[in-house]
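Chemist: would you be able to build a 3D model of this:
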Amino acid sequence: MTKIENLNDMKSNDLKERRFHPMRMHKARGGMRHGHAAVVLALGIALAGFFAGSFYYQAKMNANSVVVKGLAEMDVKADLAIWEMKYVVTGNDVIEAQKQISGQTEVIKAFLLENGFDNNEITIGRLETNDLNANPYRNSYENNVRFILNQTITVKSNKVDLVALTLNKSGDLVAKGIIFNSDYGSPVSYLFTKLNEIKPKMLKQATENAREAAAQFAQSSQSTVGQIKYANQGVFTILPREQTSSATESQQIDKTVRVVSTIEYRLK
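Modeler: Residues are numbered from 1 along each chain as shown. This is a model prediction of the structure:
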């Protein structure tokens with residue numbers, strides 16, 4: 001028969017040893033927690049060291065390049081001139097004013113043909129008529145003129161030198177009673193239209209200048225210039241050859257084309 005142990009016969013020391021002690025469990029759990037924390041801390045230090053080293057390596061690699069700018073300039077000459085001659089006639093009789101301005105149109109056209117322009121280079125614009133009495137805000141005592149007629153003749157020619165020369169002779173037309181409207185500034189615009197033809201040459205020059213600048217930097221840093229990492233060709237700008245405070249590019253026949261390219265080279 002199985003012997004049933006009588007708890008009353010057990011010694012008090014045995015009972016103390018068999019009782020559950022909460023402090024022992026707390027210490028055991030505390031030790032486990034400290035062990036896990038130590039592992040996590042060690043792993044965090046290791047990862048931090050890895051990422052720090054990785055970022056430092058990438059920073060060193062990205063620093064092995066230099067960004068420089070290359071300038072290229074070229075002197076050019078305008079190849080197209082647009083000359084707008086706007087003249088005006090005033091009067092109270094619109095029919096008479098129209099006949100007068102038509103006669104002036106023939107005089108100006110003959111003047112242009114005599115100075116070497118062709119018919120296909122001359123364009124006669126539409127006649128503009130302004131009736132001042134149709135303006136409700138006009139006071140009757142301002143002047144006695146009712147009609148203002150405007151006409152425009154446009155010369156579009158590749159003979160830029162001839163345009164400049166003939167422009168200086170336009171005083172002959174004023175002597176014949178023709179009144180030009182000069183409210184729009186200079187009547188002639190000189191344009192350069194062959195920019196695409198010179199772009200490749202200028203970009204090559206800008207790249208060569210940029211590489212020379214990169215080579216000087218590389219020499220000071222005891223390295224050599226490698227391949228192009230990034231390049232921006234920049235914006236082509238057409239400037240007046242004579243750059244004064246009031247200079248306007250469209251009013252000068254002689255011009256300067258400029259481009260500044262930004263290039264990043266690898267260093268070895």
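
Chemist: low-confidence ranges in the stretch 51-200 of the chain?
Modeler: For the stretch 51-200 of the chain, the stretches with pLDDT under 70 are 51-63, 136-143, 184-185.

Chemist: now the helix or strand where Thr90 lies - C-alpha only, CSV.
Modeler: Using DSSP states H and E, Thr90 sits in strand 80-91. Output of strand 80-91 as CSV, limited to C-alpha atoms (Å, rounded to 0.1, in the frame of the first residue of the first chain):
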residue,chain,number,x,y,z
LEU,A,80,18.5,89.5,-90.2
ALA,A,81,17.1,93.1,-89.9
ILE,A,82,13.5,94.1,-89.3
TRP,A,83,12.8,97.7,-89.9
GLU,A,84,9.3,99.0,-89.1
MET,A,85,8.4,102.5,-90.4
LYS,A,86,5.2,103.8,-88.9
TYR,A,87,4.0,107.1,-90.3
VAL,A,88,1.0,109.2,-89.5
VAL,A,89,-1.4,111.7,-91.2
THR,A,90,-4.0,113.8,-89.4
GLY,A,91,-7.0,115.8,-90.7
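
Chemist: where exactly do the strands run in the stretch 1-150 of the chain?
Modeler: Ranges of strands in the stretch 1-150 of the chain, per DSSP state E, counting those that start in this stretch, are 65-77, 80-91, 122-124, 128-131, 147-157.

Chemist: in the sheet, who's paired with Arg150?
Modeler: Just so we're on the same page, residue 150 is Asn rather than Arg. Val88, Glu128 (DSSP bridges).

Chemist: pretty sure it sits against Thr90.
Modeler: No - look at Asn150 against Thr90 with CB atoms under 8 Å: they stay out of range, at 10.0 Å. For glycine as for every other residue, the C-beta is placed from the backbone atoms N, C-alpha and C.

Chemist: and Gly177, that one's in a helix?
Modeler: No - counting by DSSP: H, G, I helix; E, B strand; the rest coil, Gly177 falls outside a helix, being coil.

Chemist: and it, how close does it get to Gly234?
Modeler: Counting by CB to CB, to the nearest Å, the separation of Gly177 from Gly234 is 52 Å.

Chemist: neighbour-wise, which of those two wins?
Modeler: Counted by other CB atoms under 10 Å, Gly177 and Gly234 do not tie: Gly234 has more neighbours, with 19 against 11.

Chemist: thinking again about what came up before, which residues are contacting the strand holding Thr90?
Modeler: Applying CB atoms under 8 Å, 6 or more residues apart in numbering, the set of residues contacting strand 80-91 from outside is 97, 100-101, 104, 108, 145-160, 163-164, 167, 170, 178-181, 184, 187-193.

Chemist: what of stretch 258-266?
Modeler: 64-73, 202-203, 206-207, 210-211, 214, 225-237, 239.
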